[in-house]
Structure formats: C-alpha cells, structure tokens
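**Student:** Generate a structure from the sequence data that follows.
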Amino acid sequence: MAHHHSSLDFLLSRASTDNLVEPTPKGEQLRNILSAGLRAPDHGRMRPWRYTVIKGKHREAFAQVVLDAMARQEPDAPSAKKEKRRDRFSNMPMIIALGMHIVPDGKIPVIEQEMSVAAGAMNVLNALHAEGFGGVWVTGPFCEDRALLESLGLKDPHRLAGFLFVGTPEKPVEGRKRPDIENYMAVWKGEPITFDADAG
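**Tutor:** Prediction:
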C-alpha cells in the first residue's frame, strides 16, 4: 500500500508551470515520456496521437508561423498579445505540438478520438513531472489555422489540441489550491443526484 500512496501523492503534486528553463528531456528519456502518451485509452485502436517536437534554433522560425496564424485567425489581437506569443514560442525551452489524427467517418466517434489525444497529453504531463520536468498546455484560435496545421503534418481533417511548453521549473512549483472534491463527486443511490458545485 505504501507504494500506491506514494504514487497518488505524486499525482496530486503535479501542477502546470510556464516558468521553465533548460534542460529539457532528450533522446531515450524524451521518447519514453512521449510513449506514456500512447498508453492513453484508445477505443478501436485509432492511435490518434501525433507529437511534433520544436526546439533549439527552430523555435524562432516556428514563432513566426504562429504569428502568421494569429494574423489570419485573430486580426484584431492587440500587439501585446502578439508579442507575448512570439516571446513564448521563441524562448520556451521545448514545445510539443499535440496533433490529432482524426478519422471523421470511422467506427469510433470523433469525440472519443479527441479524448484519447487529451488523455495522452495528460499522461505526457505526468511523465514530465515524474522525470523532474515541468510543463503547461496552451491553446488559442491560432491552433485552428489550416496553414499552421499543415506545417505540422496535419492535413484536413486532422487538427491540433494545442501545445505543451516543456522545460525544467526555474523554482519549486506551487500549484494553486484545488477545489474540495466533495463538491464534485456524488454517490448514485437510485435517485437523481445534484452536485454541490452546481448549487446556487
């Protein structure tokens, strides 16, 4: 039981952070971290995960791809938002694009394929945490841009679930306080239920 409690404490200690510096995972360690994503539930063995790693000198060029996508998807975005995107995509130690290889007319509903990608992303975040790294999952309207998607090998109808920024936390990660689970769980006893989180 001690082992299980230790593992649970580990999961409860994970929190997102974008305060990241070098080093990043590489080689076999990176492959193992991404392999954790492939352990996600996968109804029908659709295997929808597509991970693209962006690092080093290629970050600045990819930041421009993101800015071009923003210009098309968010033409009225303020300059400060554009500069923040440029800075983050240029300077985060590593970026992992979360591609979704979707089969719209297959035997498995699209939402289940999307959920498998999301579950895989969470596995990757937990694996990063297990190896001493940190990460944060980011999205935005620019993730819908078809030119950006195709630059990542995601032709229509394939899509993107966002990006993980990855690195080593610059300082200890103090996750914000999570809500009380009692407000988000119920025990069904044959009658309609309500959740305290939905009250009022």
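**Student:** and the longest strand anywhere in the chain, what does it pack onto?
**Tutor:** Counting by DSSP state E, the longest strand found in the chain is strand 159-169. Other helices and strands packing on strand 159-169, by 3 or more Cβ pairs under 8 Å, 6 or more residues apart in numbering; DSSP states H and E, are strand 20-21, strand 94-100, helix 110-130, strand 134-138, helix 146-151. (Glycine included, C-beta is placed from N, CA and C.)
**Student:** Can you redo the ones you listed as a markdown table, where the extra columns are mean pLDDT?
**Tutor:** Shown next, in a markdown table, are those (pLDDT from 0 to 100):
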| stretch | mean pLDDT |
| --- | --- |
| strand 20-21 | 98 |
| strand 94-100 | 98 |
| helix 110-130 | 98 |
| strand 134-138 | 97 |
| helix 146-151 | 97 |
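**Student:** Compare those and report which one is nearest to residue 193.
**Tutor:** helix 110-130 (23.0 Å; Cβ to Cβ).
**Student:** centre of the chain versus the closest one, how much separation?
**Tutor:** Here the centre of helix 110-130 is set off from its chain's centre by 7 Å, with Cα atoms, centre = their mean, to the nearest Å.
**Student:** Show me which positions of that helix end up buried.
**Tutor:** Across helix 110-130, burial judged by 16 or more other Cβ atoms under 10 Å covers 110, 113, 115-117, 119-121, 123-129.
**Student:** picking that back up, can I get the helices and strands packed on strand 159-169 in CSV including distance to residue 88?
**Tutor:** Compiled in CSV, these are given as follows (distance: least, Cβ to Cβ, whole Å):
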stretch, distance to residue 88
strand 20-21, 10
strand 94-100, 9
helix 110-130, 17
strand 134-138, 8
helix 146-151, 15
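**Student:** Please identify which of the ones you listed is closest to residue 54.
**Tutor:** Closest among the helices and strands packed on strand 159-169, using Cβ to Cβ: strand 94-100, at 4.1 Å.
**Student:** Give me the sheet partners of the closest one and which way each runs.
**Tutor:** In the sheet containing strand 94-100, its partner strands are strand 49-55 (antiparallel), strand 159-169 (antiparallel), by DSSP bridges.
**Student:** May I have that strand exported as CSV, CA atoms only?
**Tutor:** Extracted C-alpha coordinates of strand 94-100, given in CSV (Å, rounded to 0.1, in the frame of the first residue of the first chain):
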residue,chain,number,x,y,z
MET,A,94,10.9,23.0,-25.8
ILE,A,95,7.5,22.9,-27.5
ILE,A,96,5.5,19.8,-28.2
ALA,A,97,2.5,20.1,-30.7
LEU,A,98,-0.4,17.9,-29.8
GLY,A,99,-1.6,16.7,-33.2
MET,A,100,-5.0,14.8,-33.5
